[in-house]
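Participant: A predicted structure for the sequence below; I have some questions about it.
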Amino acid sequence: MLALATLVSACDRTDPAVPTSLVPVGANALTARAGETLSTPPAVMLTDQRSRALANTLVTWQVGASSGTIDVDTVRTDATGRAAIGRWTLGPIVGLQTLTATVSGVEPVVFRMSVSAGAASALLRRVPEFQETRVESTVAQAPAVQVVDAFGNPVAGEAVTFVVTNGGGVLLDATGAAVGVQVTRTSDANGVAQVDGWRVGTNITEQNRVVASLASLGAGATFRVNPRADVPVRLEAAAPRSQQGVPGVDVPSRPAVRALDRFGNPAGGATVVFTPRTGAGVVIGNVRVTADGDGIARVGRWTLGTDSVQRLDATSPQFPADTFTFTATAVASIFSFDVRFLNGTPSARNLAAVETAVERWRRVIAGQTPPVRVVANPDVCGPGVPAIDEDIVNVRVYVNLDSIDGRGSILGRAGPCFIRTTSGLPVVGFVELDTADLATLDQNGTLDDVMTHEFGHVLGLQAFNWERRGLLNTANSNDPFFQGSIGRDGFADIGGAIYPGIPVPVEETGGAGTRLSHWRASVLQRELMVGFARTGGMPLSRLTVGALADLGYVVRVDNAEAFTVPPFGSAAWGEMVMPGSTRVLSYGDDHWPSAVYEVDRSGRQRLVRAGDWRVTRRR
Ligand SMILES: [Zn+2]
């Protein structure tokens, strides 16, 4: 200022005004947040050699590198000598940002803005969202987040809350001691907040989750662990301990053992040895290791020998105390259908279709079902069925091929009318098919499959028999499923492991006889026992054979027909169209509505389902 005063006093008072001094209005060392638009933009004041305001002089403004944007870059000073820019929006960088005001011939003014981070805008995970670990163990990298502003600058001093929201785990301190399910940590100079440790829960079926959140932000960051089982500590049987089988044939249900960890989770890694005793046939695949996921080790094959009672021991070198013995009782190997045609001799083609159906089922049913005494009045099972008073072994089927209502509408219906008291297996059943429709089926190549399908219902493949055996779960009416263990194994064998829902899916759509009595067509597509017939072949798969075993039949699962569940997400999944044909034929309501009686060896009867085909018959 002293130098300036000297200069002014030295000048002639009549000299023209020249720009002499440019100063900031207010401070030129300022603070702001990244990206902020200043509410009071910087201004400068220009004076002449006699300290008078100098109006109408051009001031040039220029932002420094990475220092944001201004609305105009030249402004003329007003009558008071001031020039202000309209707007300065700071750049996203934390640190020094500058704005320079220049007037020709004088020292420029530099505004120095010390820029800090903006408001917290997001939490970024500093460790992976998913980590791997065993139950009740700590994750390798404890949950940690970085608080950042809208530009990604770290924000310090923010209170981040970490909460265990799922899985029953606990957060730990630096010494490894549990500190509860909620911890609050303040973000450091790098914006980072972290807990010292996280120990997950004990259940492998539950995803463990920790959510980090900031009160000022709705969203948080989630950390997840799907824990693996701990090491196995014991074994349990995972298949029926006793079953029936046919000599020379694989058992219906392969013996299996499940390993469990100390929390009861299925555990992989236990070796199981399956050893048949003398006379108990042949085993293939006798050494197995329990699998991760389901914890199961299952013998490859067990083909029965000739003894009447045969035993297979499952042992483990790791768990000598846990030995399981599986028993198979040999039964006679002839299953047969006693088919009685009503309404005259069928056409040669229809007779051939019945014979095909019988043969397909006989290939997969190995064991005889014992005789029971059946006493019935005429017409109890269906129209034209004569009086019955005899011992019946296996199953008798009355077949009525008749003109019902011409093409379309009623195709046919089938089901059992007498079942065995002890086993629940059908002993007498009825099949009715419309000959007008059979001609159509013959033309499009589905006659044999449809006939086989209807005989399947007579054998008990339908809701009524499944429910009596506890095989059908309808707790969720939108997602009914078959829960027999052998049927489920069969479903897995044909590729059902890719199905994301609860196996085995049962039809949830359609009318009374379609719904709950068939495999779900959207998943099983053209398996024999879905509720919609298709051209191109309908295989009798391991799923259906397994379901027969769950009902109590002795089966030969190795004779099942080849079929693979279409892959999830493929074009075929959920579609009702077969290659080469767009024709899909609904069976309609194809369950036979007669009353059903239980009968035992001595002929005692008990009504177990009310019903009468005479009052429900639609023709
Ligand atoms: Zn059906």
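Facilitator: Nice, I can see it.

Participant: Val364 is in contact with Phe335, correct?
Facilitator: No: in terms of CB atoms under 8 Å, Phe335 does not count as a neighbour of Val364; the distance is 9.2 Å. Where you see a C-beta, it was placed from the backbone N, CA and C, and this is true even at glycine.

Participant: poorly predicted segments of this protein, please.
Facilitator: Applying pLDDT under 70 to the chain picks out residues 1-14, 219, 405-410, 568-585, 615-619.

Participant: what does it put close to the ion?
Facilitator: By CB under 5 Å from the ion, the residues of the chain that approach the ion are Tyr587, Asp590.

Participant: domain ranges for the chain?
Facilitator: For the chain, automatic domain parsing gives the domain ranges 2-116, 122-225, 234-330, 337-616.

Participant: dump these into a markdown table; add mean neighbour count as well.
Facilitator: Output for those, formatted as a markdown table (neighbours: other CB atoms under 10 Å):
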| stretch | mean neighbour count |
| --- | --- |
| domain 2-116 | 16 |
| domain 122-225 | 18 |
| domain 234-330 | 19 |
| domain 337-616 | 19 |
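
Participant: hey, C-alpha coordinates of the helix or strand where Ala439 lies in PDB?
Facilitator: Secondary structure from DSSP states H and E places Ala439 in helix 435-444. Presented in PDB, the C-alpha positions along helix 435-444 are these (Å, rounded to 0.1, in the frame of the first residue of the first chain):
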ATOM      1  CA  THR A 435     -63.600 -95.200 -30.100                       C
ATOM      2  CA  ALA A 436     -64.200 -92.100 -32.200                       C
ATOM      3  CA  ASP A 437     -61.200 -90.400 -30.600                       C
ATOM      4  CA  LEU A 438     -59.100 -93.600 -30.700                       C
ATOM      5  CA  ALA A 439     -59.300 -93.400 -34.500                       C
ATOM      6  CA  THR A 440     -57.900 -89.900 -34.400                       C
ATOM      7  CA  LEU A 441     -55.200 -90.900 -32.100                       C
ATOM      8  CA  ASP A 442     -54.300 -93.700 -34.400                       C
ATOM      9  CA  GLN A 443     -54.000 -91.300 -37.300                       C
ATOM     10  CA  ASN A 444     -51.600 -88.900 -35.400                       C
END
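
Participant: what's the next secondary structure element after it?
Facilitator: Elements were assigned by DSSP H and E; along the chain past helix 435-444, the next helix or strand is helix 447-458.

Participant: which stretches in the stretch 501-619 of the chain count as helices?
Facilitator: 521-524, 542-551, 613-616 (DSSP state H, counting those that start in this stretch).

Participant: for the stretch 251-400 of the chain, same thing?
Facilitator: Remark: helices assigned in the stretch 251-400 of the chain by DSSP H, counting those that start in this stretch are 348-364.

Participant: where's whatever residue of it ends up closest to the ion relative to His457, distance?
Facilitator: Residue nearest to the ion within the stretch 251-400 of the chain: Ala357 (12.9 Å; CB to the ion). Distance of Ala357 to His457, given as CB to CB, to the nearest Å: 11 Å.

Participant: do the same with Ile334
Facilitator: Separation of Ile334 from His457 (CB to CB): 22 Å.

Participant: hmm, Ala189 is touching Asn153, no?
Facilitator: No: the criterion here is CB under 8 Å, and Ala189 misses it with Asn153 at 11.7 Å.

Participant: tell me how far the ends of stretch 251-271 are from each other?
Facilitator: Counting by CA to CA, to the nearest Å, you get 22 Å between the two ends of stretch 251-271.

Participant: which one is Ser216 nearest to, not counting chain neighbours?
Facilitator: Among residues not flanking Ser216 along the chain, Ala120 sits closest, at 5.9 Å (CB to CB, 6 or more residues apart in numbering).

Participant: quick one: contacts for the residue of the stretch 251-400 of the chain closest to the ion?
Facilitator: Ala357 makes contacts with Asp448, Met451, Thr452, Glu454, Phe455, as judged by CB atoms under 8 Å, 6 or more residues apart in numbering.

Participant: list just the nearest of those residues to the ion.
Facilitator: Nearest member of the contacts of Ala357 to the ion, counting by CB to the ion, is Glu454, at 6.8 Å.

Participant: tell me the contacts of the closest one?
Facilitator: Going by CB under 8 Å, 6+ apart, Glu454 touches Ala357, Gly412, Arg413, Ala414, Val431, Leu433, Asp590.

Participant: counting only helices, which of those make the cut?
Facilitator: Judged by DSSP state H, the subset of the contacts of Glu454 located in helices is Ala357.
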